[in-house]
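kindly return the folded structure for what I paste below:
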Amino acid sequence: MMSVHSTINNPGGWAGLSAGSFSSRVYDQERSLSYLKLQHEPSYSSFLDKYTLTFSFQKSWDSETQDRRPGRDQIRFGNIETETYGVSFEAETSLGTATTLIYGADYYHDDVFSEGFRLTPSTGALDPNRAPVANGSTYESLGIFAQARTDWNEQFTTILGARFTHAETDIPALSATDSWDSVVFNARFLYNLDDQISFFGGYSQGFRAPNLNDLTGSVTSRSGLDSLGTLNLDPETTHTFELGTRVNHDRLSFEVSGFYTIVDDLIARIEDGGGTERSANASEAWIAGVEGRANYTITDDWSLSGFVTYQYGDQTRPTFLGGPDVTQPVSRLSPLRGSLALKYQAPSRKWWVEARATAAAEADRLASNDLGDTQRIPPGGTPSYFTTALYAGWQVSDSLSLNLALENLNDEDYRIHGSGQNEAGRNATLSVKYEW
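Residues are numbered from 1 along each chain as shown. You can find the predicted model right below:
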């Protein structure tokens, strides 16, 4: 996969974008996953209703090659190979007729092998010690969890849960070790006012321990800026509140929900004043959002559906490491975005066709690192856009189905906010699915 925004394939100019300078910047990723899962519903146990035991092994390869010529006489290469061993156990127990308890544990162990170099082609000078993360590191995580769902009556349901997490890492290349522990809780409810209207909401806590990239990373971010990890980081924590309603009334159904999230000790990349970013627990943030979706059945064959989303948030972070704090927007939040679709389904239910329009407002609330990422985000923000599309499907037989997509019919030149390249122009896709 090529990252276009920082290369000479990005000539700049669109909405004021800066041109790329690298000859090429290529990512390669490969994954393999093997697992063994045992599921059982024991008839001999009055306590255990069912359980699942899973053993897994995943291997991944992630590499990046940057040819920074002609702007800079340098080629960079980095590769990370990760082997992950895991085991998880989940069980379900009925406590009386109203409460169901789900509980279990999971454990994962990562062995990380990393290599990298920087080459000066004109002289042949080679720096072989440029691994993207510290080579030979290990990372382990253990989780223990429980969640109880209680149907108090036909109208009111609660879900209460807790999770303990332990994470630790060993970094021999830097003679460093670290570990983190946390207990988080969540509480949710569902209240059915009647057969048509329900309300839901809840409160949840979150915890993210620093990963090896946060701690030891040596990578490229934004428009070619060096980004380095930092040891002795604290974990991120979040508090999220959510409230919403669902309505199913005759031909109309809709759902509206909102959330508010507080982030403490956000691990952010902050410039050090010398042109390099470094990881630090240097930011606090809040994010609020709303989402709505609806469907209206016009007739048995025609329906109208749509959705709208919006996010807004600010963060407090230093202008540079050790510098004064400033309040600015959270980076790369999605702007106001929505879609509307009209669908016809044949009475035979063998085929259907849908016309869809999608639009997004201008994304002009930019963080300081967005303002500096001018190969990816235009000065002043990502422009608004409006696109149209046609979709169709045909169930040829029980085994064979065809789907056709005609997208961006108005040939809009646009990009998703934060993306490194513009989306495709007018295009068509035909897919065939055969099952046996």
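
so what's residue 393 bridging to?
With DSSP bridges as the criterion, residue 393 is bridged to residue 352, residue 403.

which pLDDT value belongs to it?
Residue-level confidence at residue 393 comes out at 97, pLDDT.

which stretches of the stretch 301-436 of the chain form helices?
368-371 (DSSP state H, counting those that start in this stretch).

can you show me the strands along it?
Taking DSSP state E, counting those that start in this stretch as the criterion, the stretch 301-436 of the chain carries its strands at 302-318, 325-329, 337-345, 351-360, 385-395, 400-407, 427-434.

output those strands as a markdown table; include the columns distance to residue 236 and mean neighbour count.
Bear in mind the C-beta positions are built from the backbone N, C-alpha and C, glycine included. Below are these laid out as a markdown table (distance: least, Cβ to Cβ, whole Å; neighbours: other Cβ atoms under 10 Å):
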| stretch | distance to residue 236 | mean neighbour count |
| --- | --- | --- |
| strand 302-318 | 12 | 17 |
| strand 325-329 | 18 | 15 |
| strand 337-345 | 26 | 16 |
| strand 351-360 | 28 | 17 |
| strand 385-395 | 32 | 16 |
| strand 400-407 | 37 | 15 |
| strand 427-434 | 38 | 10 |
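
can you lay out these as a markdown table showing distance to residue 75?
Shown next, in a markdown table, are the strands of the stretch 301-436 of the chain (distance: least, Cβ to Cβ, whole Å):
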| stretch | distance to residue 75 |
| --- | --- |
| strand 302-318 | 33 |
| strand 325-329 | 35 |
| strand 337-345 | 39 |
| strand 351-360 | 37 |
| strand 385-395 | 36 |
| strand 400-407 | 37 |
| strand 427-434 | 34 |
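
which one, of those, ends up nearest to residue 19?
strand 385-395 (21.9 Å; Cβ to Cβ).

what lies in contact with that closest one?
Applying Cβ atoms under 8 Å, 6 or more residues apart in numbering, the set of residues contacting strand 385-395 from outside is 349-360, 401-410, 412, 414.

what about 6 Å?
Contact partners of strand 385-395, identified using Cβ atoms under 6 Å, 6 or more residues apart in numbering, comprise 350-360, 401-410, 412, 414.

circling back to that earlier point, out of the strands of the stretch 301-436 of the chain, nearest to residue 165?
Smallest distance to residue 165 across the strands of the stretch 301-436 of the chain (Cβ to Cβ): 24.3 Å, for strand 302-318.

which parts of the stretch 151-300 of the chain are helices?
So, for the stretch 151-300 of the chain - with DSSP H, counting those that start in this stretch - the helices run 212-216.

sketch out the low-pLDDT regions of it for me.
For the stretch 151-300 of the chain, the stretches flagged by pLDDT under 70 are 222-224.

all strands for it, in order.
Using DSSP E, counting those that start in this stretch, strands in the stretch 151-300 of the chain cover 156-171, 176-192, 197-208, 218-221, 225-228, 236-249, 252-271, 276-297.

dump these into a markdown table; add distance to residue 84 and mean neighbour count as well.
Listed next are the strands of the stretch 151-300 of the chain as a markdown table, based on distance: least, Cβ to Cβ, whole Å; neighbours: other Cβ under 10 Å:
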| stretch | distance to residue 84 | mean neighbour count |
| --- | --- | --- |
| strand 156-171 | 14 | 17 |
| strand 176-192 | 18 | 15 |
| strand 197-208 | 17 | 16 |
| strand 218-221 | 20 | 18 |
| strand 225-228 | 24 | 16 |
| strand 236-249 | 21 | 16 |
| strand 252-271 | 21 | 18 |
| strand 276-297 | 22 | 18 |
